[in-house]
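[1] build me a model from this:
(2 chains)
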Amino acid sequence: MKKWLCLVLVLCMTPLFALADTKDVLNTESELPIVTEPITLSIFGKQGAIHADWATMDFFQKYQEMTGITLEFNQAPSQGYDEAKALMWTNDTYDDMLVAPGLSGTEIIKYGDEGVLLPLEDLLKEYAPNYTALMDQYPDVEGRITAPDGHIYALAAIIAVNAARTEKIWCNTAWLDAVGLNVPTTFEELEAVLRAFKAYDANGNGEADEIPIGAADLNFWFDTMAGMFGLQYQFGQEMNLSEDGKTLTSWLTSDQFKALLQWSNRMYEEGLMDPDIFTQEYSKFNAKMSGQMMGIFFNQADDAFDSTNYIGIAPMAGMSDNLYVQSGPVARDLGTFAITCDCDYPEAAMRWIDYLFSEEGSYLMRYGIEGKTWTRDENGYPVYVDGILNNPNGSGPTIAQFCIWPGGGSPQYLNDRNCIAVCSPTTQAAQAALDPYMDYILYAEPLFDAEVNERLQILDTDISTYMKSCAAKFIRGEMSFDEWDTYCSTLENMGLQEWVGIYQERLDTYQ
Amino acid sequence: MSAHPIAKPRAAHWFKKRVLAHWQLLALLVIPVAWYIIFCYVPMFGVQLAFKNYKVRLGILESPWASPLLRHFTRYFTSYYAWSTIWNTLAINLGCLAIGFPAPIILALMLNEINSLRFRKILQNITYIPYFLSIVVVVSMLKLFTDQRYGVINLFIQALGMKPIPLMESENYFRPLYVISNVWQNMGWNAIIYIAALAGVDTALYEAATVDGASRWQKIIHVSLPCILPTIVTLFILRIGQLMTIGFEKALLMQNDLNIGASEIISTLVYKNGIQKGDYSYATAVGLMNSVVNLILIVTANTVCRRALDESLW
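    Predicted coordinates for the structure are as follows:
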């Protein structure tokens, strides 16, 4: 009797074991479809503000057909997304894949370490030929996405176009013509141009409503201006690398930074710098761009405004012998894709994401369905059909009806062939003006282990909060530069050296 | 049969007389009691997170204890902004207490003096309607009114020939703005309870005072105020217990780089670290510290009031 029971049980379990071996469902003959039997994977991610419902997007619809993998959509809207994501971690079960979830370095380390995110490095080797090839082609990607414990918990987007990783300096040529001046190349000329914009009614509407120079916020202001004062953003932070490439120093207490603040203060006092810079929402800045209200401003591309009257210009000389343009790393957006511990088909999930990093996959990801939203030119490269790039609603919101990449943070492979929507010829030309200043070693923000990271978080919160609030006060003249020493010593007391030391330690391991 | 032949009918009798007879009242009580259990007592189970290193996959019970046990408290108190968040929280609350507490009392006394019922009702409605506005709306209004170039307030200041004041972009004006807008929004609503208390005052007392030749002012001081004093004291003690508590929404909405020195309060810090960065243990520790201070404050206030005014909660 017992033997019978055992036999029955064993027989019952055999198909279960067979099912549990997920590799069996993989299609090994060809790249697509990924699976031989239909499977379902659930996804969580951030549905951007301008996105259509993910479930109805051409990209997802088509890709489900092509892969044989049905998707279950559990994405959260961008409004209140941080909260939704924070609560998602405390769920009992997780969605199979995180697609464009906007994971921070802290989250990758924390939840990788706790076992929520699967280590991907072995899966990558076996099931991700495209991503691995890109990692070989761009060696700094691996260092950026690998956690200190040697695991890769999340994949980054691969941005292989310089123009997509820098902020361009846009200058209004119509205004220049109106005031009869040339494109500024030095700080002296820049100041003359800004004063002229303000004084001579550059937009010709009879009101002094011109904003001579503006930026989205203080961070964007520093990102671009700092380089003109010889300041770099090593590891994504306010640090310069010594000439021998061995030592990091924070420039938050340096004379160059003081000079930058003093210059900004002067621009502010003269009413040349947009006073909204300290408080405005991004949408307000967006409106100023599209409304052609600014003479000079910083933005990555010209997708948000009509660039007929704008050109991209080079950084201003005159404040420093060395000029730098900050750029994001190739692996610009960290944490754009991860597989969770509850995923029953990690191999299939890896192949699902890997295809999007192939040339053809990137076209699908960035252009939608061939023949519907794009066609091929004579070289076989994709071009959007008419009515998308020149859509009156703006190209981004139009594309966001069928693709997930507008708004950023999605797992994507951006290269020269597929970047037209973010890198128009004007943007490419603007980038050309910056290229000569990008020829220096720039380290990308690495991942730290949980303990170091926790310390870093506290230091970083204190230091950046204090720095930002003081910088704003210096610029607005609410703090006088006599108090500079107090500002410096407060930063030191907060642990500025400890903060630099953490990055220095990482740099030492690179040598 | 039964071991206690007498006790049982007595218990049954007690049950029938004391419980069943008042079932309507008890049924009403069920809702608030359930609310307290679900939203106040059950979550206390999670307080242990303050002493643990929370791991999402292990859950609250299984997560390892922090070492040292007070690690997250130390983390808070060693951060540069710890004391300033405590001070900011206290300062805003003290301001709200100093201005926001007497304001509804004065409003209620004033409304009580109005003879025309119609006018009184209209006034009362107007003063408490702002209470129903969402905080987002109130803060947006504040931002519009205080705008440096187009705001009503600054246009007025400029009309007087003075320089515009960056009201929202300054640490100095954050607290006054917060307190005044709070008073504006909540004064009418908070006055309701005092108006109700005033309505309960025996009219014979006023008549007697009139006969004694008391002026209007004297009647307010010697009749109205003493009659609502117990209500005032009770509300005051309760208010003291919230001295370290402010919702994070308004401060967070009003916050920017320029006023962060005054606008970063304990609850915004907890929100940023706990909800946004997912550092639950740290946020719980800070929240717990906050609650302990609140408890100390309410006990102190109660004791002081009992000694000084002979009125207290318990």
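[2] run through who's touching the helix or strand where B:Asn112 lies.
    Using DSSP states H and E, B:Asn112 falls within helix B:102-113. With C-beta atoms under 8 Å, 6 or more residues apart in numbering or on different chains as the test, helix B:102-113 has contacts from B:120, B:123-124, B:127, B:183, B:186-191, B:194-195, B:197-198, B:216, B:220, B:224-225, B:228, B:232. C-beta coordinates here come from the backbone N, C-alpha and C atoms, glycine included.
[3] over to stretch A:118-128?
    Residues external to stretch A:118-128 that are found in contact with it (C-beta under 8 Å, 6+ apart): A:112, A:131-132, A:135, A:146, A:150-155, A:338-341, A:343, A:346-347, A:350-351, A:353-354, A:357.
[4] ok, the residue of the stretch 351-500 of chain A found nearest chain B - contacts?
    Residue nearest to chain B within the stretch 351-500 of chain A (C-beta to the nearest C-beta): A:Asp462, separated by 4.2 Å. The contact partners of A:Asp462, by C-beta under 8 Å, 6+ apart, come to A:Met494, A:Gly495, B:Ser79, B:Tyr80, B:Tyr81.
[5] got phi/psi on the second one?
    If I follow you right, that is A:Gly495. Main-chain dihedrals, A:Gly495, degrees, to the nearest 10: phi 110, psi 40.
[6] now swap in the third one and tell me
    When read as degrees, to the nearest 10, the backbone of B:Ser79 gives phi -80, psi 150.
[7] doesn't A:Ile463 make contact with it?
    No - the pair B:Ser79 and A:Ile463 does not pass the contact test of C-beta atoms under 8 Å, sitting 10.9 Å apart.
[8] that older thread, in TSV, list the contacts of A:Asp462 along with distance to A:Ser410.
    Supplementary listing: these in TSV, determined by distance: C-beta to C-beta, whole Å:
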residue	distance to A:Ser410
A:Met494	36
A:Gly495	36
B:Ser79	34
B:Tyr80	36
B:Tyr81	35
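[9] now, the most widely separated pair of those residues?
    Farthest apart among the contacts of A:Asp462 by C-beta to C-beta are A:Gly495 and B:Tyr81. That separation is 12.8 Å.
[10] surely A:Met102 touches A:Ala84?
    Not quite, residue A:102 is Gly, not Met. No - here A:Gly102 lies out of contact with A:Ala84, judged by C-beta under 8 Å, at a distance of 10.8 Å.
[11] higher neighbour count, the two?
    Set side by side, A:Gly102 and A:Ala84 show unequal neighbour counts under other C-beta atoms under 10 Å in any protein chain shown, the larger going to A:Gly102 at 19 against 15.
[12] and that one, what does it touch?
    A:Lys46, A:Tyr81, A:Lys85, A:Gly335, A:Thr336, A:Gly409.
[13] go again using 6 Å as the cut-off
    Contacts for A:Gly102 (C-beta atoms under 6 Å, 6 or more residues apart in numbering or on different chains) come out as A:Lys46, A:Gly409.
[14] tell me, what's the model's pLDDT at it?
    On pLDDT, A:Gly102 comes in at 92.
[15] likewise A:Gly394?
    The per-residue confidence score, pLDDT, reads 78 for A:Gly394.
[16] ok, now B:Ser281?
    88.
[17] what helix or strand is it located in?
    According to DSSP H and E, B:Ser281 maps onto helix B:280-309.
[18] packing partners for that helix?
    Under the contact definition 3 or more C-beta pairs under 6 Å, 6 or more residues apart in numbering or on different chains; DSSP states H and E, helix B:280-309 sits against helix B:71-78, helix B:225-240, helix B:266-270.
[19] can you tell me how far the residue nearest to B:Ser281 when sequence neighbours are not counted sits from A:Asp344?
    Ranked by C-beta to C-beta, 6 or more residues apart in numbering or on different chains and with sequence neighbours excluded, the top spatial neighbour of B:Ser281 is B:Tyr54, at 4.7 Å. For B:Tyr54, the distance to A:Asp344 under the criterion C-beta to C-beta, to the nearest Å works out to 27 Å.
[20] the more surrounded of these two?
    For the pair B:Tyr54 and A:Asp344, the greater number of neighbours falls to B:Tyr54 (24 against 14), based on other C-beta under 10 Å.
[21] OK, contacts around the more buried one?
    Applying C-beta under 6 Å, 6+ apart, one finds that B:Tyr54 lies in contact with B:Ser63, B:Tyr280, B:Ser281.
[22] quick check: closest non-adjacent residue to the second one.
    Among residues not flanking B:Tyr280 along the chain, B:Tyr54 sits closest, at 4.7 Å (C-beta to C-beta, 6+ apart).
[23] what's the local residue count around B:Ile37?
    10.
[24] before we move on, back to that, among the contacts of helix B:102-113, name the buried ones.
    B:120, B:123-124, B:127, B:183, B:186-188, B:190-191, B:194-195, B:197-198, B:224, B:228, B:232 (16 or more other C-beta atoms under 10 Å in any protein chain shown).
[25] what residues does the stretch 301-450 of chain A put near chain B?
    Where proximity means C-beta under 6 Å from any C-beta of the partner chain, the stretch 301-450 of chain A presents no interface facing chain B.
[26] now whatever residue of the stretch 301-450 of chain A ends up closest to chain B, what are its backbone angles?
    Nearest residue of the stretch 301-450 of chain A to chain B, counting by C-beta to the nearest C-beta: A:Cys341, 7.5 Å away. The phi and psi torsions at A:Cys341 (degrees, to the nearest 10) take the values phi -70, psi -20.
[27] right, I'll call it a day here.
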